[in-house]
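Visitor: with the input below, show me the fold.
(one chain, ligands or ions: 2)
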Amino acid sequence: MNIIKGEKVTKSFSGLVALKNVDFELNKGEILGLIGPNGSGKTTLINVITGFYKPTSGKISYKNHDISGLSPHKISRLGIARTFQIVKPFMELTVLENVATAALFGRNIHIPKSQTRENAKSAIEAVGLYDKSSYKPGSLSIAELKKLEIAKAIALSPELLFLDESMAGLNLKETQTTMDLILKVREQRDLSIFFVEHVMKVVMGISDRIMVLHHGEKIADGKPNDIVNDENVIKAYLGKRYKRQKNA
Ligand code: ADP
Ligand code: MG
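Guide: Ligands and ions are numbered 1, 2, ... in the order given. Coordinates of the predicted model:
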């Protein structure tokens, strides 16, 4: 059963077509990896699905309800959360306060404030930042800031989570830890995950399925092993890059 589905999703920015007739589907519990060259429309797709941009045309359905063009606020209430490629925490708030603030916008609109704080704490614990709950973002490493971003998203108690380049700037060990973290939260929180990532080791390591964008169009969608052997994908994106990473 699909949890989210897009039909012919198109987004233009004054003449520039960033997404062209993109069909996609994510099944419940699935981890879908989205790859493609810089500028191929990956972040735009997340922005369109999560309401930050309205699609120019096409339809997006979440649990069979049309959510195309709803505001980010409404979409987040429905149980869809996301992280941002460029992290922007509130610098004057602590880790706990940042996550608790995010948790206010979650699915359970009627929960008491104290519960919001509990959700925030449990999200911080899940990403392994509990010891730094009272730190301000300025004293966190890049890896910790990325984890804070994931904690903010999962504090919303979502059913569907979008991650935009959560591993960018991380070293190998941090990448491995974050991969384990994503698998763990999927399991513990019964999540479906749609993530954008450049590091092929990660994409191959955790995706149930991979979708590829090129110039705003979907050029492939399938099992990881089929995708890395797909001629079009190799030509448009992987090239020698994956071979190099694989041997590294
Ligand atoms: P990716 O995440 O795959 O690197 P993006 O989705 O960020 O790519 O961008 C896809 C294309 O859309 C790029 O050409 C980018 O310049 C353009 N684009 C994205 N957001 C905007 C915007 N707000 N206004 C104008 N052009 C945009
Ligand atoms: Mg991007």
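Visitor: buried ones in stretch 157-174?
Guide: By neighbour count, with 16 or more other CB atoms under 10 Å as the criterion, the buried positions of stretch 157-174 are 157-168, 170, 174. For the C-beta atoms, the positions are set from N, CA and C on the backbone; glycine is no exception.
Visitor: and what of stretch 225-236?
Guide: Quick answer for stretch 225-236 (16+ other CB under 10 Å): 227-228, 230, 233-234, 236.
Visitor: per-residue pLDDT, Asp226?
Guide: Here, the pLDDT recorded for Asp226 equals 94.
Visitor: quick check, it in a strand?
Guide: No. According to DSSP: H, G, I helix; E, B strand; the rest coil, Asp226 belongs to no strand; its state is helix.
Visitor: next, count neighbours for Lys42.
Guide: 26 (other CB atoms under 10 Å).
Visitor: number of nearby residues for Leu78?
Guide: Neighbour count of Leu78, defined by other CB under 10 Å: 16.
Visitor: pretty sure it is touching Phe105, no?
Guide: No. Using CB atoms under 8 Å, Leu78 makes no contact with Phe105, being 11.4 Å away.
Visitor: of all the buried residues of stretch 225-236, which comes closest to ligand 2?
Guide: Nearest to ligand 2 among those is Ala236, at 16.0 Å by CB to the ion.
Visitor: show me what the closest residue to the closest one other than its chain neighbours is bridged to.
Guide: Using CB to CB, 6 or more residues apart in numbering and skipping residues adjacent in sequence, the residue nearest Ala236 is His214, 4.3 Å away. His214 has these beta-bridge partners by DSSP bridges: Glu217.
Visitor: which SSE is the closest residue to ligand 2 within the chain in?
Guide: Among the residues of the chain, Thr43 lies closest to ligand 2, at 3.2 Å counting by CB to the ion. Secondary-structure assignment from DSSP states H and E places Thr43 in helix 42-49.
Visitor: wait, Ile46 sits on Leu161?
Guide: No. Contact criterion CB under 8 Å: Ile46 and Leu161 do not qualify, at 10.8 Å.
Visitor: what do those two both touch?
Guide: Common neighbours of Ile46 and Leu161 (criterion: CB atoms under 8 Å, 6 or more residues apart in numbering): 82, 194.
Visitor: can I see the domain layout of the chain?
Guide: 2-79+160-247, 90-157 (automatic domain parsing).
Visitor: isn't there a strand covering Val9?
Guide: Yes. Assessed with three-state DSSP, Val9 lies in a strand.
Visitor: find the nearest non-adjacent residue to it, please.
Guide: Gly58 (3.7 Å).
Visitor: what values do phi and psi take at that neighbour?
Guide: The phi/psi pair for Gly58 (degrees, to the nearest 10) reads phi 100, psi 180.
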